[in-house]
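Asks: Generate coordinates for the sequence data below:
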Amino acid sequence: MVRFRALAAICAASTFLSSAAVYAADLVYIPPSVTSPASVADWSGFYLGINGGLGQAALDSSVALGFDQIRGASAGLQLGYNVQLGSAVIGVEGDLQAAHMTQTTGAGATHTLEYFGTLRARAGVSLGDRFMPYVTGGVAMAGGHQDMTDMGGPESRRLHSGWTVGAGVEAMLTDAISVKAEYLHLNLGPEMYFPVVNGGGVEASMSANIVRAGFNYRF
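Replies: Numbers count the residues shown, from 1 in each chain. The predicted structure follows:
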C-alpha cells in the first residue's frame, strides 16, 4: 500500500512539473528572424548633371583643305527624365556642350567644332542594386567655324544638324547622386561655308566621336 501511494505521488509530481514547463515555454516569446530587404535602385524621375570629355571630329569637304585631326575637349550640362518598369529603365535626355575641337593646317586654315547639343532617348537595364548600362540615340546639332584669315581669306560659321547614337554605364553613389561614363557618335549633315551670291562656297559635313564622364543629381 505504501509503495502504491509513493508511486502515485511520483506520477502526480511528474505531471505537475511537465505542465509547468509547458506553461513557462508559452510565456517565452522568441520573435522570428527579420532580414532587412536589399537596397533596390530607383532610377525614376528627373535629373540634372554636368559632364566633360574628349573628342575627335572629321570633316568631309568639297574643297580639300587638309583637315584630318580635329581634336579637343567638351564640357556641358544634361537634363533628363527616367521611368523604371521592373528592371527596364527608359527615358529622354537633352544636353548642351561647349567644345573646342580644332585643327590648323600647314597652310593656315583652321576648322573648329565650337559647341554641340543632343536630344536622345535612353534605354537601360538596372543590374544588381545600383548599376545600369544603357544605349542612347536621337538628334544632334553642332556649330562649326572655318577660319582662313591667316591665309588672307574670310571666316565662316555654320550650324550643322544630324543624328547621334551611343552607349554608356551609370552607377548610383547615393539615392540622389550617380556617376556615368558615355560614348557618343555624332553624324552632322552638310552646310555651306563661305557662301556667295551664285550659290558657291565650301560645302562640308562633320562627324565626331565623343567620350565623356559626368555626374547626375536626381530630384
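Asks: Please count neighbours and contacts with C-alpha atoms only from this point.
Replies: OK.
Asks: Per-residue pLDDT of Gly66, please?
Replies: Listed pLDDT for Gly66 reads 87.
Asks: Name the SS class of it, please.
Replies: coil (DSSP: H, G, I helix; E, B strand; the rest coil).
Asks: Would you mind measuring from the nearest residue to Leu48 once chain neighbours are set aside to Asn51?
Replies: Sequence neighbours aside, Leu79 is the residue nearest to Leu48 in space, at 4.6 Å (criterion: Cα to Cα, 6 or more residues apart in numbering). Relative to Asn51, Leu79 is positioned 11 Å away (Cα to Cα, to the nearest Å).
Asks: Lys180 too?
Replies: 9 Å.
Asks: Who has more neighbours out of these two?
Replies: Counted by other Cα atoms under 10 Å, Lys180 and Asn51 do not tie: Asn51 has more neighbours, with 21 against 18.
Asks: is the more buried one in a bridge, and if so with what?
Replies: Gly76, Gly214 (DSSP bridges).
Asks: same thing with the one 5 residues further on?
Replies: Beta-bridge pairing of Gln56 under DSSP bridges involves Arg71, Asn209.
Asks: quick one: pLDDT of it?
Replies: pLDDT, Gln56: 97.
Asks: Then Val89?
Replies: 97.
Asks: Apart from its chain neighbours, what residue comes closest to Glu93?
Replies: Using Cα to Cα, 6+ apart and skipping the chain neighbours, the partner closest in space to Glu93 is Gly80 (4.1 Å).
Asks: pLDDT of the helix or strand harbouring that neighbour, averaged?
Replies: Per DSSP states H and E: Gly80 is located in strand 70-85. The average pLDDT within strand 70-85 is 97.
Asks: which residue sits closest to Gly201, ignoring its sequence neighbours?
Replies: Closest residue in space to Gly201, ignoring its immediate chain neighbours: Pro195 at 4.6 Å, by Cα to Cα, 6+ apart.
Asks: Name whatever forms a beta bridge with Asp95.
Replies: Gln78, Thr118.
Asks: actually Ala167, sorry about that
Replies: Here Ala167, judged by DSSP bridges, has bridge partners Val135, Tyr183.
Asks: I'd like to know how many residues surround it.
Replies: Each residue near Ala167 was counted by other Cα under 10 Å, and the total is 17.
Asks: so what's it up against?
Replies: Pro133, Tyr134, Val135, Thr136, Glu182, Tyr183, Leu184 (Cα atoms under 8 Å, 6 or more residues apart in numbering).
Asks: Please report the distance of it from Arg71.
Replies: Ala167 is 21 Å from Arg71, by Cα to Cα.
Asks: Using the three-state scheme, assign Pro195.
Replies: coil.
Asks: ah, wrong one, I meant Asp150
Replies: Classification of Asp150 using three-state DSSP returns helix.
Asks: Next up, phi/psi of the nearest residue to it once chain neighbours are set aside, please.
Replies: Spatial nearest neighbour of Asp150, chain neighbours left out: Gly108 (5.5 Å); criterion: Cα to Cα, 6+ apart. Dihedral pair for Gly108: phi 100, psi 0, per degrees, to the nearest 10.
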